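Trainee: here's a sequence, model it:
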Amino acid sequence: MKKNQRIVKQLCSPSCSYYKPGKNEELLCRGAVVIDRLLHAGRPILPLEAGKEPDLETIEKIVGKMCSACDFHERDCDFMEDRMSRPCGGFIVLSHLIMSGQVQIDEIT
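Mentor: Numbers count the residues shown, from 1 in each chain. A predicted model of the protein is given here:
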């Protein structure tokens, strides 16, 4: 069993437009790492429903807390450059979790 198989199946495959099956699934974006940590800590993460999109302030808080520590930050993240590109699946899921109140911004480290 691959190390990240569960998080890849639950988060990356359905939520991330950058995910490519079979290509380096050992490397996760920081959002996937945070969500995996929350799941391992026993935090229930309820299925996401379409809902309110994060405002610019929330987006920038998530970027400040999470993106600079991401393994994809320097070479592969277009979203970090201009916020016009689509963010990774981990960012999308975390932003919805924050907007729904399931996760607080301070839990993203």
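
Trainee: check which helix or strand covers the spatially most central residue of the chain.
Mentor: Nearest to the geometric centre of the chain sits Gly90, at 1.4 Å (C-alpha atoms, centre = their mean). Using DSSP states H and E, Gly90 falls within helix 89-100.

Trainee: any buried residues in that helix, and which?
Mentor: Buried residues in helix 89-100, counted by 16 or more other C-beta atoms under 10 Å: 89-99. The way it works is simple: take the backbone N, C-alpha and C, and place the C-beta from them, glycine included.

Trainee: output the below-cut-off pLDDT ranges for the protein.
Mentor: Where the chain drops to pLDDT under 70, the residues are 1-3, 24-25, 46-51.

Trainee: can you show me the strands along it?
Mentor: Shown for the chain, no strands are assigned by DSSP state E.

Trainee: leaving aside the residues adjacent along the chain, what's closest to Pro14?
Mentor: Gly89 (7.8 Å; C-beta to C-beta, 6 or more residues apart in numbering).
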